[in-house]
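J.: Provide a 3D model corresponding to the input given below.
(3 chains)
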Amino acid sequence: MIDLAGLSPAALVASLMVAATPIMLAAIGELVVEKSGVLNLGVEGMMIIGAVCGFVAAVETGSPVVGLCAAIAGGMLLALIFAVLTQVLLSNQVATGLALTLFGLGLAAMMGQSYAGIKPPPTPRLDVPVLSDLPGLGPILFSHDGVLYLSIAVVFGVWLFLRQSRAGLVLRATGENHDAAHALGYKVVRIRIAAILFGGAMAGLGGAYLSLIRVPQWTEGMTAGAGWIALAIVVFAAWKPWRILIGAYLFGGVTMLQLNLQAIGVGIGVAYLSMAPYIVTILVLVIMSADRRRASLNAPACLGRAFHAST
Amino acid sequence: MTTLLDVRGMTKAYPGVLACDGIAFDIREGEIHALLGENGAGKSTLVKMIYGLVRPDSGEMRLGGTLFAPPEPRAALADGVAMVFQHFSLFEALTVAENIALGMDDPPNAATLVKRIRDVSTSYGLAVDPDRIVGDLSAGERQRVEIVRCLLQSPRILIMDEPTSVLTPQEVALLFRTLKTLAAEGTSILYISHKLEEIRILCDRATILRNGQVVATCIPAGETARSLAAMMVGSGLAVPEKHRAKPGETLLEISGLSMRSMSPFGTRLKDITFSLRAGEVLGIAGVAGNGQDELLLALSGEERSPPGTIMLASRDVGPLGPSARRYLGLLAAPEQRLGHAAAPDMSLSENALITAAVRRRLVRRGWSGLIDWPATDRYAHEVITAFDVRTPGVTNAAKSLSGGNLQKFVIGREILQDPRVLVVNQPTWGVDAAAAAAIRIALIELAEQGTGVLVISQDLDELMEISDSFSVIAGGRLTAPQPTRGATVEDIGLLMGSTGASDAAA
Amino acid sequence: MLRLEPRPEPSRRMLALTPFAAVLLTMLAGGFLFASLGTNPLDAIRVFFWDPLFDSTVASYTRPQLLVKAAPLIIIALGLSFGFRAGIWNIGAEGQFIMGAIVGGSAGLAVYPAEGVWVFPMMVAAGALGGLLWAMIPAILKIRFNANEILVSLMLVYVAFNILAGLVTGRLRDPDGFNWPESRNFQAYPSAHNAELFAGTGVHVGVIVMAVLVLLCHLVLRNHIFGFHVRLAGQSRQAARFAGINPHVLTALCLGLSGAFAGLAGLFELAGPAGKLSTNFPLGYGFTAIIVAFLGRLHPIGILLAGLLMALTYIGGELAQFMLNVPAAAVQVFQGMLLFFLLAVDFLVNYRIRVRLRPPEDTGAAPGTETRGDTVNGPGPGKSGEEPA
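T.: Down below sits the predicted model:
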């Protein structure tokens, strides 16, 4: 029999929110990118660059805030390469995204090699006044670091932006039909570059959340596919921001459950339990994609297609 | 009337082609001015320069007396020049109101916008529902959305690029009424078309372009269609000799074919029934987006259909794929040339192989599956010679050919395979007049040799010219075929309207 | 003012020249990178690209390594190239490489210590099958449920790695070892050992298979209808359907083929240079092969050259690590940069740069675009204009 008593639900919920945050940040960034009609498969690369930049900057300055800013800058810098290649030089988006990931993994390993095993400066918790003192729910929901709240705010902000603002409407229009957007005088390339940079910033921040807050440590390849899972969550969410929240928390839950099961020892090998998040990702993709018509209705119509003004 | 837009010496060159060569003309206030010319005459390039999409190499424009050189469409719009595109610049997944808001510089809030859309649509008879998703609208409705979008900007000049090509004759009449109201209120309209009759009915003056130059300016009401055509084309064209059909045995029999479309905003085919006999040319008329593409996919075998719905010479081909159908003699040429009928970056030889592999035995038999490239080259060459395809050779990429030449290649590739039944969709869309005539003649000759030919086309004149009988597709339904002889364009138009094009997206 | 202008035809000359330009640019940027690390860039370039082949002290050891490292990269890249051409993106070759090694290795261990000429061929077959079956998972999920093969195949890399980790601490652990998490060493099992065939050359059976596959793939791509279908599907899905190609069959063939090739490479690596299964077994060949495939222009001969070059960077990287104290990850950075530069210069194949003296950008259309629908998607090594889903 599995001893489930070892699992405390309160701790599990609190920790799943932490586990979900990096993926949520990266996924909401990628959602904006894809809404503009661009498929950036380099999320994993941007995340790990964010993780290493944030870690190095935080250790060197002793300030986690500087670290987080450096992570955002690092993610955006890598995203800029992608933007120039795909939007200006019209390279294939799939290949360029892959290149971004391969390059990012290598560069991060090189940058971080002398930082392994160091502890970063701690990021202070942000107890929400009054609410964090609530019995039961308080410590679970309202006693986290600021980035976690920020990530939820970003999801809400993106939802508001896409639904209510004119800029959001233009962004969606660009992703639906770039030729028409161009004919109406919108700067397709500029809009897309901006979206790609936002995606890079969010992925970088998500990466730094891993290395500075969640783990907190730097190890080579520490994102371990989180960027790819973020891409899958965008599909899961059917390109709707609030569903990113659900998707990320679902994966956070699976991850934490799996880790907790490992901790209490359920008689399944550690290696096999570690597969769980990846297998769940595959299952979710299968379920969400099965209805081809619906899947193609949800996806931005120009997703992944190169735009050149001479059409 | 005072001159509103004065265009002088507009020139634009592209590698190898002088698209516009010193074009000069003027538009007066409240005038409906036609820009007439065949495909490739430079009409589109010219209006793109007026609308700020293309920058001229030289020349200047004056709008209301002041120099007008829009660097981008936004600037043109701000100066009062609006354009309704031939291929609508709409966003299918967005609502009508969102689409209209995107076309405005400074849109009001949602509620006000909806009210203004309703106001404009009632005062000009342009029925549109602001809350509907554009992807669900028919072509006519979409055009109304575009026009409303332009009108909300209170333009001084409204450019209409081939507006009637997607409309039923009844919708055309409605559009003309709207345009005349607008002109009477003082809005100038630049009306681009190659359809002579409608220009004679609608336009006050016409500027005629040929090979990038202005060849004449006239008052179309004082001209005949024939004289306008002579100015537009310059030289006489071969007109296909219409043959008298001696229909043979039934080759293709479609009964009760119903299929849902695989594309999100496609049209569902509903109970399609007709038959095609040897030597017969059957025309299918209809406004774009009413099931033509889906019908072609069903007939070519790209979409499989239920058993018993498609019989080729009494043999059930419904469950068979394209290759098996080709083997049995059912060939097709889809509407979209690049990317469907032909692969853009592949050579003409390789493009010949796409459909001719089976019937011309271009792949060695048995298990080896090796391609006979010399034979493939020979076949491509045969097509090029027989159909006068202008290209340096069989190794050139398909995308390097002009629209007309590529279409001749695509149709020729099927005809030289000696089909029993040939299905073509929009065979002369966007093709220059000479190539169009050659294609029509080839289709008629093919029928005379005993092939059953099915021509799906939006061009009613074309169908009147070459088909023995016709039916109309609307909303995924097909009317019963009737003989072309004695029918008029208006008869077909009535059929197109009555079948209910509004449920096109069901 | 510079602007891109589409070429009427893709330039064959640029297609062949741009990879070399990319290599040169990478060397240049790599030089800067090394300079920033405090290494003399010229030294670094020499150690990376010259010494492994020609230095009198190390070349006798490093030269054979070239083929040892290149063979798996080339075999995997050959398999991937078909899918990449057709727009079917298997990026989980690393997982198929691992599963090929696990299945093929298990087959060998199952009959241990039986000797016989049949042992090794059986392992090879099992290895290819293992990779093939692993690749059929994304294929089936794509065909049946429309699940994105990029994400599924990649997720399966992590799953495969965890299976490997589970097995080497479990059922496949060497019973005669000291409880290390690793399998028996195949180098000590004569019938299963993929040994060097000619001393001092690095040539093992895998290298010979690689050479045969290069020629075979070349033939298929050029003269076989399957190769034609692959190329056609990459240009346009719709044209491919029109030609009578069943997209499901093509997906299964491309993924299956690349999986089988990766599995083969995994087995050859396991039974030869690596020797045993452990969590250190995967070296990232499955990912580097993606770069090899693109750098080789998805063309078999190009892949052969690109594979050799990439193997050189591995060996040169090890040498640089040892001689110049350059970090190990520099190789990966180098390889990533190579792909970036290739993609960056790639536009020259389909576009040409036009210098305009007048500043404002032009958004004009070429004449003849009055026809509709004649739009062409962007360029790229895969030539796969991704079609809207």
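J.: alpha carbons only for contacts and neighbour counts from here, please
T.: OK.
J.: contacts only, for the residue most central in space within chain C.
T.: For chain C, residue C:289 is the residue whose C-alpha lies nearest the centre (C-alpha atoms, centre = their mean; 1.6 Å). Residues near residue C:289 by C-alpha atoms under 8 Å, 6 or more residues apart in numbering or on different chains: C:73-74, C:76-77, C:307.
J.: after the strand or helix carrying it, next one along is what?
T.: Element membership for residue C:289 (DSSP states H and E) is helix C:285-295. Proceeding N to C from helix C:285-295, the next assigned helix or strand is helix C:300-324, under DSSP H and E.
J.: which parts of that following helix are buried?
T.: Buried positions in helix C:300-324, judged by neighbour count with 16 or more other C-alpha atoms under 10 Å in any protein chain shown: C:300-321, C:324.
J.: what's the answer for stretch A:148-166, then?
T.: A:148-149, A:151-152, A:154-155, A:158-159, A:161-162, A:166.
J.: give me the subset of those residues lying in helices.
T.: Under the assignment DSSP state H, the buried residues of stretch A:148-166 contribute A:148-149, A:151-152, A:154-155, A:158-159, A:161-162, A:166 to helices.
J.: so can I have JSON lines of those residues showing distance to residue B:455?
T.: Below are those laid out as JSON lines (distance: C-alpha to C-alpha, whole Å):
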{"residue": "A:148", "distance to residue B:455": "62"}
{"residue": "A:149", "distance to residue B:455": "62"}
{"residue": "A:151", "distance to residue B:455": "58"}
{"residue": "A:152", "distance to residue B:455": "57"}
{"residue": "A:154", "distance to residue B:455": "55"}
{"residue": "A:155", "distance to residue B:455": "52"}
{"residue": "A:158", "distance to residue B:455": "49"}
{"residue": "A:159", "distance to residue B:455": "48"}
{"residue": "A:161", "distance to residue B:455": "48"}
{"residue": "A:162", "distance to residue B:455": "45"}
{"residue": "A:166", "distance to residue B:455": "45"}
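J.: and chain C, which of these reach it?
T.: Applying C-alpha under 8 Å from any C-alpha of the partner chain, the subset of those adjacent to chain C is empty.
J.: got the domain boundaries for chain B?
T.: Domain assignment for chain B by automatic domain parsing gives B:3-233, B:246-329+B:420-429+B:449-506, B:332-418.
J.: does any part of the second one sit near chain C?
T.: Yes: for domain B:246-329+B:420-429+B:449-506, a contact with chain C is found by C-alpha under 8 Å from any C-alpha, at B:300-302, B:321-323, B:429.
J.: dump the domains of chain B into JSON lines; add mean pLDDT and mean neighbour count as well.
T.: What follows is these, written out as JSON lines (pLDDT from 0 to 100; neighbours: other C-alpha atoms under 10 Å in any protein chain shown):
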{"stretch": "domain B:3-233", "mean pLDDT": "87", "mean neighbour count": "20"}
{"stretch": "domain B:246-329+B:420-429+B:449-506", "mean pLDDT": "86", "mean neighbour count": "21"}
{"stretch": "domain B:332-418", "mean pLDDT": "91", "mean neighbour count": "21"}
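J.: as JSON lines, these with distance to residue C:138 would be great.
T.: Formatted as JSON lines, the domains of chain B follow (distance: least, C-alpha to C-alpha, whole Å):
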{"stretch": "domain B:3-233", "distance to residue C:138": "30"}
{"stretch": "domain B:246-329+B:420-429+B:449-506", "distance to residue C:138": "22"}
{"stretch": "domain B:332-418", "distance to residue C:138": "27"}
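J.: the residue nearest to the centre of chain C and chain B, how far apart?
T.: Distance of residue C:289 to chain B, given as C-alpha to the nearest C-alpha, to the nearest Å: 26 Å.
J.: just the pLDDT for that residue.
T.: pLDDT for residue C:289: 95.
J.: ramachandran angles for the closest residue to chain A within the stretch 251-400 of chain B?
T.: Scanning the stretch 251-400 of chain B for the residue nearest chain A gives residue B:264, at 5.9 Å (criterion: C-alpha to the nearest C-alpha). Main-chain dihedrals, residue B:264, degrees, to the nearest 10: phi -60, psi -40.
J.: same deal with residue B:168?
T.: Torsion angles, degrees, to the nearest 10, at residue B:168: phi -80, psi 160.
J.: pretty sure residue B:384 sits against residue B:409.
T.: Yes: the pair residue B:384 / residue B:409 is scored as a contact, 6.5 Å apart, by C-alpha atoms under 8 Å.
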